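>>> The sequence and its predicted three-dimensional model are supplied below.
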Amino acid sequence: MVRRTVFITVCSMLTLCILLRGADVKKVPRIQQDTLHTDTIAIDEIYIERKIDARSKFEDKKAYHKEIYLLGDNKNMVTFSPFGGIALNIQKLYNHFSNRGRAARRLQAQFEREFEEDLASEIWDPLLLEYTTLRGDSLQKFKLYCSPNLAFLNDASHYERVEHLLRHLKMYRDSVNVIHDRLRLIPKEGDK
(Lines give C-alpha, C1' and ligand atoms only; values in the text may rest on other atoms or scores of the structure.)
Protein backbone atom coordinates (compact mmCIF):
# COMPACT_ATOMS: atom_id res chain seq x y z
CA MET A 1 0.00 0.00 0.00
CA VAL A 2 2.77 2.41 0.93
CA ARG A 3 4.92 1.44 -2.06
CA ARG A 4 2.00 1.94 -4.40
CA THR A 5 1.29 5.41 -2.95
CA VAL A 6 4.92 6.45 -3.28
CA PHE A 7 5.09 5.05 -6.83
CA ILE A 8 1.88 6.83 -7.82
CA THR A 9 3.19 10.08 -6.33
CA VAL A 10 6.53 9.77 -8.15
CA CYS A 11 4.75 8.87 -11.42
CA SER A 12 2.36 11.78 -11.01
CA MET A 13 5.23 14.18 -10.50
CA LEU A 14 7.10 12.82 -13.53
CA THR A 15 3.97 13.10 -15.65
CA LEU A 16 3.45 16.66 -14.45
CA CYS A 17 7.05 17.55 -15.32
CA ILE A 18 6.72 16.02 -18.78
CA LEU A 19 3.45 17.85 -19.40
CA LEU A 20 4.89 21.15 -18.24
CA ARG A 21 7.98 20.72 -20.38
CA GLY A 22 5.97 20.48 -23.58
CA ALA A 23 3.34 23.11 -22.69
CA ASP A 24 3.59 26.82 -23.22
CA VAL A 25 4.31 28.47 -19.92
CA LYS A 26 2.44 31.70 -19.40
CA LYS A 27 4.07 34.36 -17.34
CA VAL A 28 1.83 35.51 -14.53
CA PRO A 29 1.62 39.27 -14.38
CA ARG A 30 3.20 40.74 -11.27
CA ILE A 31 0.85 42.55 -8.95
CA GLN A 32 2.18 45.95 -8.02
CA GLN A 33 1.41 47.14 -4.52
CA ASP A 34 0.66 50.75 -3.96
CA THR A 35 2.99 51.82 -1.15
CA LEU A 36 2.20 55.50 -1.38
CA HIS A 37 -1.00 55.21 0.62
CA THR A 38 -0.96 54.05 4.22
CA ASP A 39 -3.23 51.10 4.85
CA THR A 40 -2.66 50.93 8.61
CA ILE A 41 -2.36 53.35 11.46
CA ALA A 42 0.81 53.22 13.56
CA ILE A 43 0.24 53.17 17.29
CA ASP A 44 2.96 54.07 19.76
CA GLU A 45 4.35 51.19 21.79
CA ILE A 46 3.11 50.89 25.32
CA TYR A 47 5.22 49.23 27.96
CA ILE A 48 3.32 47.70 30.83
CA GLU A 49 5.25 46.80 33.92
CA ARG A 50 3.36 44.82 36.46
CA LYS A 51 4.64 45.60 39.91
CA ILE A 52 4.73 42.40 41.89
CA ASP A 53 5.58 42.71 45.53
CA ALA A 54 7.94 40.24 47.14
CA ARG A 55 5.29 38.44 49.18
CA SER A 56 3.02 37.65 46.22
CA LYS A 57 6.02 36.59 44.13
CA PHE A 58 7.08 34.19 46.90
CA GLU A 59 3.52 32.85 47.26
CA ASP A 60 3.36 32.27 43.49
CA LYS A 61 6.60 30.28 43.65
CA LYS A 62 5.25 28.22 46.54
CA ALA A 63 2.05 27.47 44.64
CA TYR A 64 3.92 26.58 41.42
CA HIS A 65 6.49 24.40 43.21
CA LYS A 66 4.18 22.79 45.75
CA GLU A 67 5.70 19.36 45.08
CA ILE A 68 9.04 20.66 46.34
CA TYR A 69 7.41 21.79 49.56
CA LEU A 70 5.83 18.35 49.98
CA LEU A 71 9.12 16.55 49.32
CA GLY A 72 11.10 18.81 51.62
CA ASP A 73 8.69 18.54 54.53
CA ASN A 74 10.30 16.72 57.44
CA LYS A 75 8.57 18.50 60.30
CA ASN A 76 6.41 16.66 62.82
CA MET A 77 7.80 13.27 61.85
CA VAL A 78 6.89 11.77 65.20
CA THR A 79 3.53 12.50 66.80
CA PHE A 80 2.22 11.42 70.14
CA SER A 81 -1.33 10.22 70.48
CA PRO A 82 -3.40 11.41 73.42
CA PHE A 83 -4.22 7.74 74.10
CA GLY A 84 -0.58 6.90 74.80
CA GLY A 85 0.66 5.88 71.36
CA ILE A 86 3.48 7.07 69.14
CA ALA A 87 3.04 7.57 65.40
CA LEU A 88 5.90 7.81 62.91
CA ASN A 89 5.20 9.30 59.50
CA ILE A 90 7.22 7.12 57.10
CA GLN A 91 6.86 9.55 54.18
CA LYS A 92 8.41 12.40 56.18
CA LEU A 93 11.16 10.09 57.41
CA TYR A 94 11.93 9.11 53.82
CA ASN A 95 11.88 12.76 52.74
CA HIS A 96 14.35 13.59 55.49
CA PHE A 97 16.97 11.10 54.29
CA SER A 98 16.36 10.98 50.53
CA ASN A 99 18.37 12.96 47.99
CA ARG A 100 15.19 14.44 46.51
CA GLY A 101 14.11 15.64 49.95
CA ARG A 102 17.49 17.30 50.61
CA ALA A 103 17.46 18.91 47.16
CA ALA A 104 13.92 20.17 47.79
CA ARG A 105 14.98 21.70 51.11
CA ARG A 106 17.95 23.39 49.41
CA LEU A 107 15.61 24.83 46.78
CA GLN A 108 13.23 26.01 49.51
CA ALA A 109 16.14 27.76 51.23
CA GLN A 110 17.09 29.42 47.92
CA PHE A 111 13.50 30.62 47.45
CA GLU A 112 13.55 32.08 50.98
CA ARG A 113 16.87 33.86 50.31
CA GLU A 114 15.43 35.32 47.10
CA PHE A 115 12.35 36.42 49.07
CA GLU A 116 14.53 38.19 51.64
CA GLU A 117 16.56 39.84 48.87
CA ASP A 118 13.36 41.04 47.20
CA LEU A 119 12.06 42.45 50.49
CA ALA A 120 15.38 44.22 51.07
CA SER A 121 15.40 45.65 47.56
CA GLU A 122 11.83 46.97 48.04
CA ILE A 123 13.14 49.06 50.94
CA TRP A 124 16.62 49.84 49.60
CA ASP A 125 16.03 50.68 45.92
CA PRO A 126 13.87 53.80 46.49
CA LEU A 127 16.55 55.13 48.85
CA LEU A 128 19.24 54.53 46.22
CA LEU A 129 17.29 56.42 43.58
CA GLU A 130 16.49 59.28 45.95
CA TYR A 131 19.89 59.87 47.56
CA THR A 132 22.38 58.91 44.84
CA THR A 133 23.06 60.19 41.36
CA LEU A 134 24.28 56.79 40.17
CA ARG A 135 22.48 55.24 37.24
CA GLY A 136 22.98 52.25 34.96
CA ASP A 137 26.03 50.06 35.41
CA SER A 138 27.45 52.11 38.28
CA LEU A 139 24.20 51.74 40.21
CA GLN A 140 24.20 47.97 39.68
CA LYS A 141 27.80 47.70 40.89
CA PHE A 142 27.05 49.90 43.88
CA LYS A 143 24.12 47.60 44.75
CA LEU A 144 26.48 44.64 44.66
CA TYR A 145 29.06 46.49 46.74
CA CYS A 146 26.68 47.85 49.34
CA SER A 147 23.61 45.75 49.86
CA PRO A 148 22.51 45.60 53.49
CA ASN A 149 20.69 42.59 54.81
CA LEU A 150 17.00 42.53 55.63
CA ALA A 151 17.55 42.46 59.40
CA PHE A 152 19.43 45.79 59.29
CA LEU A 153 16.80 47.38 57.07
CA ASN A 154 13.96 46.25 59.33
CA ASP A 155 15.66 47.35 62.56
CA ALA A 156 17.18 50.63 61.36
CA SER A 157 15.34 53.91 61.24
CA HIS A 158 15.11 55.95 58.06
CA TYR A 159 17.93 58.18 59.27
CA GLU A 160 20.22 55.18 59.94
CA ARG A 161 19.49 53.75 56.49
CA VAL A 162 20.33 57.05 54.79
CA GLU A 163 23.49 57.42 56.90
CA HIS A 164 24.56 53.90 55.93
CA LEU A 165 23.88 54.65 52.27
CA LEU A 166 25.80 57.93 52.24
CA ARG A 167 28.77 56.45 54.14
CA HIS A 168 29.06 53.57 51.68
CA LEU A 169 28.51 55.92 48.73
CA LYS A 170 31.49 58.02 49.88
CA MET A 171 33.65 54.88 50.21
CA TYR A 172 32.44 53.70 46.80
CA ARG A 173 33.33 56.99 45.11
CA ASP A 174 36.74 57.10 46.80
CA SER A 175 37.73 53.71 45.43
CA VAL A 176 35.47 53.19 42.42
CA ASN A 177 38.19 51.73 40.16
CA VAL A 178 39.22 49.11 42.72
CA ILE A 179 35.62 48.11 43.37
CA HIS A 180 34.83 47.85 39.65
CA ASP A 181 37.92 45.68 39.13
CA ARG A 182 36.87 43.34 41.94
CA LEU A 183 33.28 43.12 40.72
CA ARG A 184 34.22 42.53 37.09
CA LEU A 185 33.31 38.97 36.11
CA ILE A 186 35.11 38.82 32.77
CA PRO A 187 38.86 39.48 32.98
CA LYS A 188 40.60 41.66 30.42
CA GLU A 189 42.35 39.92 27.54
CA GLY A 190 45.78 41.10 28.82
CA ASP A 191 45.12 39.61 32.30
CA LYS A 192 45.05 36.01 31.09
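The structure has been received and is ready for your questions. Residues are numbered from 1 along each chain as shown.
>>> Next one: the residue nearest to Val176 when sequence neighbours are not counted from Glu163, what distance?
Excluding its sequence neighbours, the residue lying closest to Val176 (C-beta to C-beta, 6 or more residues apart in numbering) is Ser138, at 7.8 Å. For glycine as for every other residue, the C-beta is placed from the backbone atoms N, C-alpha and C. Counting by C-beta to C-beta, to the nearest Å, the separation of Ser138 from Glu163 is 21 Å.
>>> These two: which has the busier surroundings?
Ser138 (16 against 12; other C-beta atoms under 10 Å).
>>> Just the element for the residue nearest to Val176, please.
Counting by DSSP states H and E, the element that carries Ser138 is helix 137-145.
>>> For that helix, buried residues please.
For helix 137-145, a neighbour-count test (16 or more other C-beta atoms under 10 Å) marks 138, 141-142, 145 as buried.
>>> Show me what the longest helix along the chain packs onto, helices and strands only.
The longest helix of the chain (DSSP state H) is helix 99-131. Here helix 99-131 touches helix 54-64, helix 66-71, helix 90-97, helix 137-145, helix 150-155, helix 158-174, going by 3 or more C-beta pairs under 8 Å, 6 or more residues apart in numbering; DSSP states H and E.
>>> Of those helices, which is nearest Ile48?
Among the helices and strands packed on helix 99-131, the nearest to Ile48 by C-beta to C-beta is helix 54-64 (17.0 Å).
>>> Between helix 99-131 and the closest one, find me the angle.
Interaxial angle of helix 54-64 relative to helix 99-131 (axes from the mean of the first three to the mean of the last three C-alpha atoms, to 10 degrees): 160 degrees.
>>> how about helix 54-64: buried residues?
54, 58, 61.
>>> okay, Ser157: pLDDT?
In this prediction, Ser157 carries a pLDDT score of 93.
>>> Quick check: the gap between it and Thr79.
Ser157 sits at a distance of 44 Å from Thr79 (criterion: C-beta to C-beta).
>>> ok so, going back, make JSON lines from the buried residues of helix 54-64 and add distance to Leu93 and pLDDT to it.
Converted to JSON lines, the buried residues of helix 54-64 look like this (distance: C-beta to C-beta, whole Å; pLDDT from 0 to 100):
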{"residue": "Ala54", "distance to Leu93": "33", "pLDDT": "89"}
{"residue": "Phe58", "distance to Leu93": "28", "pLDDT": "92"}
{"residue": "Lys61", "distance to Leu93": "26", "pLDDT": "91"}
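>>> Mind putting those into JSON lines with distance to Asn149?
JSON lines is the format used below for the buried residues of helix 54-64 (distance: C-beta to C-beta, whole Å):
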{"residue": "Ala54", "distance to Asn149": "14"}
{"residue": "Phe58", "distance to Asn149": "17"}
{"residue": "Lys61", "distance to Asn149": "21"}
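>>> And the residues you listed, which is closest to Leu107?
Ranked by distance to Leu107 (C-beta to C-beta), those are led by Lys61 at 9.8 Å.
>>> correct me, but the closest one touches Gln108?
No: look at Lys61 against Gln108 with C-beta atoms under 8 Å: they stay out of range, at 9.7 Å.
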